[in-house]
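K.L.:
this one's sequence-less:
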């Protein structure tokens, strides 16, 4: 365990020489949902210091912590890239919809047949 001090929404961890900072971040991110259930509701969830003090943080070797962080960071990067792809596809879909349906006041869309849609995609 760690010595922890909580005051006005801040948590201070002491003696962190044996823990990788991002490893701690990922661990806290993992237990966030559990802590939310124990917190007092409001604009900001308040946790009882006893709940936080009882949390045990597993500490594999620093080398293993670095490997875990590398794996999770790679997944974060992949998720971010996919989210960018999804955003681009949604934008593309919106553009296609504007061409496939007539604009207000028009009677015909800009694109009408499947081959035109394929041409527009290239």
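P.N.:
Sure, I can see it. It should be emphasised that the depicted structure is a prediction, and the values quoted were computed from it without experimental measurement. Residues are numbered from 1 along each chain as shown.
K.L.:
what's the neighbour count on residue 20?
P.N.:
19 (other CB atoms under 10 Å). (Each C-beta comes from the backbone N, C-alpha and C, glycine too.)
K.L.:
residues in contact with it?
P.N.:
By CB atoms under 8 Å, 6 or more residues apart in numbering, the contact list for residue 20 reads 62, 65-66, 69.
K.L.:
dump the residue contacts of the residue nearest the centre of the chain.
P.N.:
Residue closest to the average C-alpha location in the chain (CA atoms, centre = their mean): residue 76, at 7.4 Å. With contact set as CB under 8 Å, 6+ apart, residue 76 has no partners.
K.L.:
What residues of the helix or strand hosting residue 99 count as buried?
P.N.:
Using DSSP states H and E, residue 99 sits within helix 62-100. By 16 or more other CB atoms under 10 Å, the buried positions in helix 62-100 come out as 65, 68-69, 72.
K.L.:
and what of stretch 18-37?
P.N.:
Using 16+ other CB under 10 Å as the test for burial, stretch 18-37 gives 19-20, 23-24, 26-27.
K.L.:
I'd like the mean pLDDT over that stretch, please.
P.N.:
Summarised as a single mean, pLDDT over stretch 18-37 is 83.
K.L.:
now the buried residues of helix 62-100 in a markdown table, with pLDDT and distance to residue 86?
P.N.:
Listed next are those as a markdown table, based on pLDDT from 0 to 100; distance: CB to CB, whole Å:
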| residue | pLDDT | distance to residue 86 |
| --- | --- | --- |
| 65 | 95 | 31 |
| 68 | 96 | 27 |
| 69 | 96 | 25 |
| 72 | 96 | 21 |
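K.L.:
who touches residue 84 in this structure?
P.N.:
Residues in contact with residue 84 (CB under 8 Å, 6+ apart): none are found.
K.L.:
State the distance from it to residue 78.
P.N.:
11 Å (CB to CB, to the nearest Å).
K.L.:
which one of the buried residues of stretch 18-37 is nearest residue 103?
P.N.:
residue 26 (48.4 Å; CB to CB).
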